[in-house]
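**Student:** got a predicted structure plus its sequence, pasted below:
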Amino acid sequence: MLLICQHPQGGYAMNPFELPWLPKAVLSLAFVIPAWLALGFFEKNFAVRGEVQLVWYFLAAALGSALLITFTSPTTKLIPSLNLVCVFLIIGFSLSTGANALLFSAMPDAPNPGIPQAIQGSSVVFVFFISWILGKYIPYYFKPVTLDPYQFFGIFLSIVGITIVIVRAR
């Protein structure tokens with residue numbers, strides 16, 4: 001997955017982690033769409049539940065990410081400190097396991113696999129505002145972020161859209 005792209009400081013980059021945030025987000029979208037569509041395909045055609053696919057999906061994602069980081073950013077430490085690794089594992093075992101196990105279980109059962117994702121995706125609304133609050137009131141721990149009227153209006157439209165999806169799906 002090495003990409004050749006124009007680097008922000010000039011020249012060309014072979015490392016996807018050196019791209020600006022927007023191209024990374026768009027490329028991420030291009031990769032995640034087939035992965036999400038695969039859930040319903042494997043459940044319907046091979047009777048493999050979403051929860052089972054979750055295990056293999058994230059095992060492959062973890063291994064692939066470790067390899068990608070190792071080959072594209074050899075100076076990046078995969079183990080920052082034992083204490084931080086323990087914190088990451090606790091967060092992963094508790095919050096991420098619950099969120100992803102329920103999402104992967106809901107997607108094949110939903111009338112459209114995008115609906116559970118849209119509902120879970122509404123978390124970005126909360127993250128958006130909570131990030132602004134944390135950055136404003138405790139900037140020592142959290143990076144200050146911007147909140148302008150256009151962003152606020154976009155988030156408002158997201159809330160309206162997600163509400164419509166939820167109401168229509170019931």
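**Tutor:** Received it, and whenever you're ready, just let me know what you need. None of these values were measured; they are calculated from a predicted model.
**Student:** quick check, central residue of this structure?
**Tutor:** The chain has Ser28 as the residue nearest its centroid, 8.4 Å off, counting by Cα atoms, centre = their mean.
**Student:** state the distance from that one to Lys44.
**Tutor:** As for Ser28, its distance to Lys44 is 26 Å (criterion: Cβ to Cβ, to the nearest Å). (C-beta placed from N, C-alpha, C; glycine too.)
**Student:** please apply the same query to Val26.
**Tutor:** Distance check for Val26 against Lys44: by Cβ to Cβ, it reads 29 Å.
**Student:** what's near enough to touch Leu102?
**Tutor:** Under the criterion of Cβ atoms under 8 Å, 6 or more residues apart in numbering, Leu102 has no contact partners.
**Student:** phi, psi of it?
**Tutor:** For Leu102, the backbone dihedrals (degrees, to the nearest 10) come out as phi -70, psi -40.
**Student:** ditto for Pro139
**Tutor:** Summarising the backbone geometry of Pro139 under the convention degrees, to the nearest 10, its torsions are phi -70, psi -10.
**Student:** and Leu78, by the same measure?
**Tutor:** The phi and psi torsions at Leu78 (degrees, to the nearest 10) take the values phi -80, psi -20.
**Student:** number of residues surrounding it?
**Tutor:** Neighbour count of Leu78, defined by other Cβ atoms under 10 Å: 10.
**Student:** got it, and Leu54?
**Tutor:** Neighbour count of Leu54, defined by other Cβ under 10 Å: 19.
**Student:** can you check the one 10 residues further on too?
**Tutor:** Other residues near Gly64 number 11, with proximity taken as other Cβ under 10 Å.
**Student:** got a list of what it touches?
**Tutor:** Counting by Cβ under 8 Å, 6+ apart, Gly64 makes contact with nothing.
**Student:** output the helix or strand harbouring it as PDB, nothing but the C-alphas.
**Tutor:** Element membership for Gly64, per DSSP states H and E: helix 50-72. Taking C-alpha atoms only, helix 50-72 is exported to PDB below (Å, rounded to 0.1, in the frame of the first residue of the first chain):
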ATOM      1  CA  GLY A  50     -20.400 -10.600  11.600                       C
ATOM      2  CA  GLU A  51     -19.000 -11.300  15.100                       C
ATOM      3  CA  VAL A  52     -16.700 -14.000  13.600                       C
ATOM      4  CA  GLN A  53     -15.600 -11.800  10.800                       C
ATOM      5  CA  LEU A  54     -14.800  -9.100  13.400                       C
ATOM      6  CA  VAL A  55     -12.100 -11.300  14.900                       C
ATOM      7  CA  TRP A  56     -10.300 -12.000  11.600                       C
ATOM      8  CA  TYR A  57     -10.900  -8.500  10.300                       C
ATOM      9  CA  PHE A  58      -9.200  -6.800  13.300                       C
ATOM     10  CA  LEU A  59      -6.400  -9.400  13.600                       C
ATOM     11  CA  ALA A  60      -5.500  -8.700   9.900                       C
ATOM     12  CA  ALA A  61      -5.900  -5.000  10.400                       C
ATOM     13  CA  ALA A  62      -3.600  -5.100  13.500                       C
ATOM     14  CA  LEU A  63      -0.900  -7.200  11.700                       C
ATOM     15  CA  GLY A  64      -1.200  -5.200   8.500                       C
ATOM     16  CA  SER A  65      -0.900  -1.900  10.300                       C
ATOM     17  CA  ALA A  66       2.100  -3.100  12.200                       C
ATOM     18  CA  LEU A  67       3.800  -4.100   9.000                       C
ATOM     19  CA  LEU A  68       2.800  -0.900   7.200                       C
ATOM     20  CA  ILE A  69       4.200   1.200  10.100                       C
ATOM     21  CA  THR A  70       7.400  -0.900  10.300                       C
ATOM     22  CA  PHE A  71       8.100  -0.500   6.600                       C
ATOM     23  CA  THR A  72       7.000   3.100   6.000                       C
END
